[in-house]
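A.B. asks: coordinates only, sequence not included:
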């Protein structure tokens, strides 16, 4: 170690000499290197990486690399895409079918890639940024939400019919054929009153008067008269209770509604609600052509039929009551009592996005207005992602204010505009260096939005490093007196360099630990942030020394001539007269003479440690209560924003946005590996299907599959419970195939519907009476059976190889589960484990060589998978971060006790911050996981600084003995002196570093973007706790227990130790006596 240290000292001395003698050359070289490296990244991005773009706010938060993620991707992504790309097919002859349309979100929250089996290509379509509403044509579709089957599929509203009479309110209600609406939520004491209903209509008219609304394709259009000329623009009516009531009464508008009309409609609500809840009333019961009730208006629809008595047929008029319960009134409204919330749905059209974004400021002005007792509380528009981007740009002035405040503090601390400006420039260059390493040398394809947060990190951490360096530089005047410049530079590099090395390694390793998380955006963020910290450390040691020497050599003595280069410093070392002993700065005297004695007083230690531990334990007990979110909702804007209020609070209060009526679907998949083999750092690279050889033609395999399906039907997981009369909504190819094979040959016909056991007409593959079938019969008939169903609406659950062999490549056995869809973690967790346990109990008996023992369970557990991945990644990365921080401090200090106390302090800071955010009502969602990933990295600095300073303190225990009372007293006194010295040396740095980051957090609390608010609260709490625990917990503990790190081996007892390159002699008896006296007098 001595030889290594000697070599290191010589290298530092040589570098210090070069900087001191040629500061301008060193500055120019470092500046040139910074610029070159900084521009390489942007040049590569905008030339070679032509499609480069910063990821969207919600992009990159799909779980990757977990067991569950592999199962979900293999089932719902790999298989459909493999068919689209021609690897497998539902048809044994390898032709594509029209059975599947696949929808996957592969880009950001505003775009999705649509894989279309008709054409097998991908194109972009706009989609809702949230969980999309349930599809009514659900059969044969895979999507990222629960499916509504049977009765649930009747929950729809049929649109306009050509035969409606024009110029009537009923016509206007249904003339807007669109899925795009502005949804306006009104609240009040009772909105089922004449004044409130007409107030909603008044608000509707005012919203429609906003400039540009009259040109929306579905909202308004020019009507053609008898002459063929274009009549004045006529707008489709909004869906509201008032417009429906007016249409039923035959009024031209809802302004004609009377109290009696409202009372009559309200009286009908109770009866119609009962029919709605029993599914006797569906949205398919009004004959628009004849203006009368019908049991099923659209015969080709899956929406089902109405079953109403003659006296109840009025409930179907214009589908008004159905739409009231489904869309316009709160989902639990049954007619009795007050109606507290209603929804106004204004049709906008398919190309309304640009108008909505441009008109938002006018629309937002309506929020909070009241009309006849109906107050506009929330507004739903599909523009949240773009508004988030706009508000981020609008809030950029806060970022500028943060930078300005940090810059001013650096000027005050350093006493030089020149040093502060160059240091700030270096921090920006560190960010660009990391960008170059990330994009060019590591060639990462995905740059998440989160990486921009590193700008805030480098400002805080970089400023802290500047404070460390400048404090060491100024302390050199007090400790060294008048010495050559190169000796002063060497002293500063050794003291500040070692301190910066400890914090840079601990902080960067904590960020690098996020690479193990399953979330791609957090992986990339951890990698990039770690690179930023390493780049900043390197540039601090190559650029800042030359900057400071130039200030000392060229600017310090010419302040009157160069006011831009220096300013009176509040932290300067007092001027010394000749032969006067060195003086400390006023702030260091305060820390040494007033702060340290209080913190390290025997009674003070007990008080401060007790108080700090009490707060830590109190807050830490809340940390385990950090729950997972119960919805997949992701907040981006301020919680008072009308769109955010709609998304967070009101959307699911209406049935048309509530997906909880759907059920989970179980899928047991054989023939493909449940592996996520894509790039875990690239959200759009999901990999491809990896197949497992199947042999299901043997009689043993046939019997095993048949028994598997029968056991599944008899299990509580399945809704279907009769295996002999299995419906097509439970897909088990073996049972359907067996029935098809058992069909009497004489009964088969080509005239029956495709999918029937009678179809097609055949003389073979029929009339069998025994099961399982011979291997030859199975191979010959399974392809014919599947060919007869490839053009039907039914999924056989079989995918065949497209090489023409007709071999079965993949098997899927699926059906509806008994568990209702829910985003609640515990429900998803129980369903997943039940489904997996069922499979595990069966695969052990699968025939050898069949490949059936490699099956897996999957379902539409997208959000459960995300919840599980976030939790797993957060705890794993936090644990690894603390372990790495401990390892770094231990490696560099070689003191187990001091390192353990520092790591414990970091752990308590993280737990305490977690406890605070739990008390604030946070859950471990996407945004919170980002903030949580920063906790350990930002908690390391101050504890690492002070513990490092303590270990390398000026008082050593080389000649002190553990085996005498006087020796122990000497050790305790020396530990207190070392703690005092650490507080004196780095207290100013810690306080200034904490202040800069605290100011950053406080400014961000003023933002309108939710992430900035959360980040600001987190930074503020973290800095307060970090500074508090580091001074009031760590330092008293080090002063009390640090003596346990005293060297006690013969080698250590005899080896002189060094500090800042200077040999420190062992303490004499006189020194021991002085320590004893000082410790007794405190």
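C.D. replies: Everything's here; your move. Computed from a prediction, not measured in an experiment: that's the story for all the values here.
A.B. asks: just to confirm, which helix or strand has residue 337 in it?
C.D. replies: Residue 337 is part of no helix or strand, with elements assigned from DSSP states H and E.
A.B. asks: all strands of the stretch 751-900 of the chain, in order?
C.D. replies: 798-801, 808-820, 856-858 (DSSP state E, counting those that start in this stretch).
A.B. asks: for these, which one sits closest to residue 260?
C.D. replies: strand 808-820 (41.3 Å; Cβ to Cβ). Placement of C-beta: from N, CA and C, glycine included.
A.B. asks: I'd like the average pLDDT over the closest one.
C.D. replies: The average pLDDT within strand 808-820 is 90.
A.B. asks: thought residue 781 was touching residue 765?
C.D. replies: Yes. Counting by Cβ atoms under 8 Å, residue 765 is a contact partner of residue 781 at 3.7 Å.
A.B. asks: put together TSV for the strands of the stretch 751-900 of the chain, with mean neighbour count and distance to residue 505 on each row.
C.D. replies: TSV is the format used below for the strands of the stretch 751-900 of the chain (neighbours: other Cβ atoms under 10 Å; distance: least, Cβ to Cβ, whole Å):
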stretch	mean neighbour count	distance to residue 505
strand 798-801	24	51
strand 808-820	21	48
strand 856-858	24	41
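A.B. asks: what about the stretch 151-300 of the chain, any weak spots by pLDDT?
C.D. replies: Applying pLDDT under 70 to the stretch 151-300 of the chain flags residues 151-179, 215-235, 288-289, 297-300.
A.B. asks: can you do 90?
C.D. replies: Filtered on pLDDT under 90, the stretch 151-300 of the chain yields the residue ranges 151-182, 205, 208-239, 243-244, 246-255, 267-300.
A.B. asks: overlap in contacts, residue 781 and residue 765.
C.D. replies: residue 741 (Cβ atoms under 8 Å, 6 or more residues apart in numbering).
A.B. asks: quick one, which of those two is more surrounded?
C.D. replies: When residue 781 and residue 765 are compared for neighbours, residue 765 comes out ahead with 23 against 19, by other Cβ atoms under 10 Å.
A.B. asks: same question for stretch 855-865: list its buried residues.
C.D. replies: 855-865 (16 or more other Cβ atoms under 10 Å).
A.B. asks: tell me where the stretch 1-150 of the chain has helices.
C.D. replies: Taking DSSP state H, counting those that start in this stretch, the helices of the stretch 1-150 of the chain run over residues 2-21, 23-47, 67-73, 79-84.
A.B. asks: and of those, who's closest to residue 197?
C.D. replies: Across the helices of the stretch 1-150 of the chain, residue 197 has its closest neighbour in helix 67-73 (45.7 Å, Cβ to Cβ).
A.B. asks: pull out the buried residues from the closest one.
C.D. replies: For helix 67-73, a neighbour-count test (16+ other Cβ under 10 Å) marks 68-73 as buried.
A.B. asks: just stretch 433-452 next, same as before
C.D. replies: Under 16+ other Cβ under 10 Å, the buried positions of stretch 433-452 are 433-440, 444, 446-451.
A.B. asks: wait, isn't residue 857 in contact with residue 665?
C.D. replies: No. Using Cβ under 8 Å, residue 857 is not in contact with residue 665, being 11.3 Å away.
A.B. asks: per-residue pLDDT, the residue nearest in space to the middle of the chain?
C.D. replies: In the chain, the residue lying closest to the centroid (Cα atoms, centre = their mean) is residue 926, at 2.6 Å. Model confidence at residue 926, given as pLDDT, is 74.
A.B. asks: do you know how far it is from residue 643?
C.D. replies: Relative to residue 643, residue 926 is positioned 18 Å away (Cβ to Cβ, to the nearest Å).
A.B. asks: and for residue 746?
C.D. replies: Counting by Cβ to Cβ, the gap from residue 746 to residue 643 is 65 Å.
A.B. asks: give me the more crowded residue out of those two.
C.D. replies: Using other Cβ under 10 Å, the more surrounded residue of residue 746 and residue 643 is residue 643, with 22 against 10.
A.B. asks: which residues are in contact with that one?
C.D. replies: Applying Cβ under 8 Å, 6+ apart to residue 643 gives the contacts 378-381, 383-384, 387, 637.
A.B. asks: repeat that for residue 856.
C.D. replies: Applying Cβ under 8 Å, 6+ apart, the residues near residue 856 are 71, 74, 668-669, 674, 839.
A.B. asks: most neighbours among those, which one?
C.D. replies: residue 74 (28 neighbours).
A.B. asks: list the contacts of it.
C.D. replies: 669, 672-675, 689, 856, 858.
A.B. asks: from those residues, pick the one nearest residue 329.
C.D. replies: Comparing the contacts of residue 74 against residue 329 with Cβ to Cβ places residue 858 closest, at 37.3 Å.
A.B. asks: would you mind giving the helices of the stretch 1-150 of the chain as CSV with distance to residue 457 and mean pLDDT added?
C.D. replies: Shown next, in CSV, are those (distance: least, Cβ to Cβ, whole Å; pLDDT from 0 to 100):
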stretch, distance to residue 457, mean pLDDT
helix 2-21, 27, 77
helix 23-47, 18, 91
helix 67-73, 29, 91
helix 79-84, 38, 82
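A.B. asks: export those to a markdown table and append columns for distance to residue 777.
C.D. replies: Listed next are the helices of the stretch 1-150 of the chain as a markdown table, based on distance: least, Cβ to Cβ, whole Å:
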| stretch | distance to residue 777 |
| --- | --- |
| helix 2-21 | 78 |
| helix 23-47 | 61 |
| helix 67-73 | 33 |
| helix 79-84 | 27 |
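A.B. asks: between the ones you listed, which one is closest to residue 541.
C.D. replies: helix 2-21 (8.6 Å).
A.B. asks: now do stretch 905-914: distance to the chain's middle.
C.D. replies: Centroid separation between stretch 905-914 and its chain, computed with Cα atoms, centre = their mean, to the nearest Å, is 22 Å.
A.B. asks: what is the mean pLDDT for stretch 476-483?
C.D. replies: Averaging pLDDT along stretch 476-483 gives 81.
A.B. asks: in that stretch, what counts as buried?
C.D. replies: Residues of stretch 476-483 classed as buried: 476-480 (neighbour count, 16+ other Cβ under 10 Å).
A.B. asks: quick one, helices of the stretch 401-550 of the chain?
C.D. replies: Under DSSP H, counting those that start in this stretch, the stretch 401-550 of the chain gives helices at 417-436, 454-480, 485-512, 520-542, 544-550.
A.B. asks: what is the longest one packed up against?
C.D. replies: In this case it means helix 485-512. helix 2-21, helix 454-480, helix 520-542, helix 544-550, helix 862-893, helix 926-951, helix 965-1004 (3 or more Cβ pairs under 8 Å, 6 or more residues apart in numbering; DSSP states H and E).
A.B. asks: tell me the mean pLDDT for the shortest one?
C.D. replies: This means helix 544-550. Averaging pLDDT along helix 544-550 gives 93.
A.B. asks: quick one: find the helix or strand in this structure with the lowest mean pLDDT.
C.D. replies: Ranked by mean pLDDT, DSSP states H and E, the helix or strand of the chain with the weakest confidence is strand 141-142, at a mean of 28.
A.B. asks: neighbours of residue 621, how many?
C.D. replies: 12.
A.B. asks: for it, give its distance to residue 615.
C.D. replies: Counting by Cβ to Cβ, the gap between residue 621 and residue 615 amounts to 11 Å.
A.B. asks: cool, residue 813 as well?
C.D. replies: 55 Å.
A.B. asks: what's the answer for residue 860, then?
C.D. replies: 44 Å.
A.B. asks: pLDDT below threshold where in the stretch 451-600 of the chain?
C.D. replies: Residues of the stretch 451-600 of the chain that meet the cut-off, pLDDT under 90, sit at 451-461, 463-464, 467-468, 471-472, 474-484, 494-511, 513-523, 526, 552-596, 599-600.
A.B. asks: in which helix or strand would I find the closest residue to residue 980 other than its chain neighbours?
C.D. replies: Once flanking residues are discounted, residue 980 sits nearest to residue 596: 4.4 Å by Cβ to Cβ, 6 or more residues apart in numbering. Residue 596 belongs to helix 596-600 when elements are defined using DSSP H and E.
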